[in-house]
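S.K.: what follows is a predicted protein model with its sequence.
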Amino acid sequence: MSFFYERKEAADTVTITLKPHSLYLMLGMLAVWLGNDLILKSAPMAQIVMPVFIVFMVVRFFSLVRVQREVIVAMKQGRVETQGSKFSFRNPFRYIIRKAQETEF
């Protein structure tokens, strides 16, 4: 899903960039929920915020599962480099996966 990550494929590498705005959105929803729970104590608002927060977390998790599987396989083969930060918009976190070299017999 392009909202959570961006995948670019070149001839010899695959670059997967994790977009930080989804992380900030999740932290913002958590802050709203905690603010409501600790300060406002509004049950109707909690009935709206919590399901939205849970659905967002589940969608984010399942959209990133495929990426994480690909990265874990490449890590086991020693073909992954990382760059950036999860919290930076200018230099977002990215995995650079070198494609496996095919040998001809």
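M.R.: In hand now; what should we look at? Residues are numbered from 1 along each chain as shown.
S.K.: let me know the pLDDT of residue 101.
M.R.: Listed pLDDT for residue 101 reads 78.
S.K.: count the residues that sit near it.
M.R.: Burial of residue 101 is recorded as 7 neighbouring residues (other C-beta atoms under 10 Å). Where you see a C-beta, it was placed from the backbone N, CA and C, and this is true even at glycine.
S.K.: what's the helix or strand for it?
M.R.: Under the criterion of DSSP states H and E, residue 101 resides outside all helices and strands.
S.K.: how far is whichever helix in the chain runs longest from where the chain is centred?
M.R.: When the chain is parsed with DSSP state H, its longest helix is helix 43-76. Taking the mean of its C-alpha atoms, helix 43-76 sits 8 Å from the chain's own mean (C-alpha atoms, centre = their mean, to the nearest Å).
S.K.: which elements pack onto that helix?
M.R.: strand 5-9, strand 13-18, helix 20-35, strand 94-98 (3 or more C-beta pairs under 8 Å, 6 or more residues apart in numbering; DSSP states H and E).
S.K.: could you tell me the angle between the first one and strand 13-18?
M.R.: When axes from the mean of the first three to the mean of the last three C-alpha atoms, to 10 degrees is applied, the directions of strand 5-9 and strand 13-18 differ by 170 degrees.
S.K.: can you list the strands that strand 5-9 pairs with?
M.R.: strand 13-18 (antiparallel) (DSSP bridges).
S.K.: and the strand it pairs with, which residues are buried?
M.R.: 14, 16, 17, 18 (16 or more other C-beta atoms under 10 Å).
S.K.: now do stretch 62-70, average pLDDT.
M.R.: The model assigns stretch 62-70 a mean pLDDT of 93.
S.K.: what residues does that stretch touch?
M.R.: With contact meaning C-beta atoms under 8 Å, 6 or more residues apart in numbering, stretch 62-70 is reached by 1, 3, 4, 5, 7, 14, 16, 18, 95, 97.
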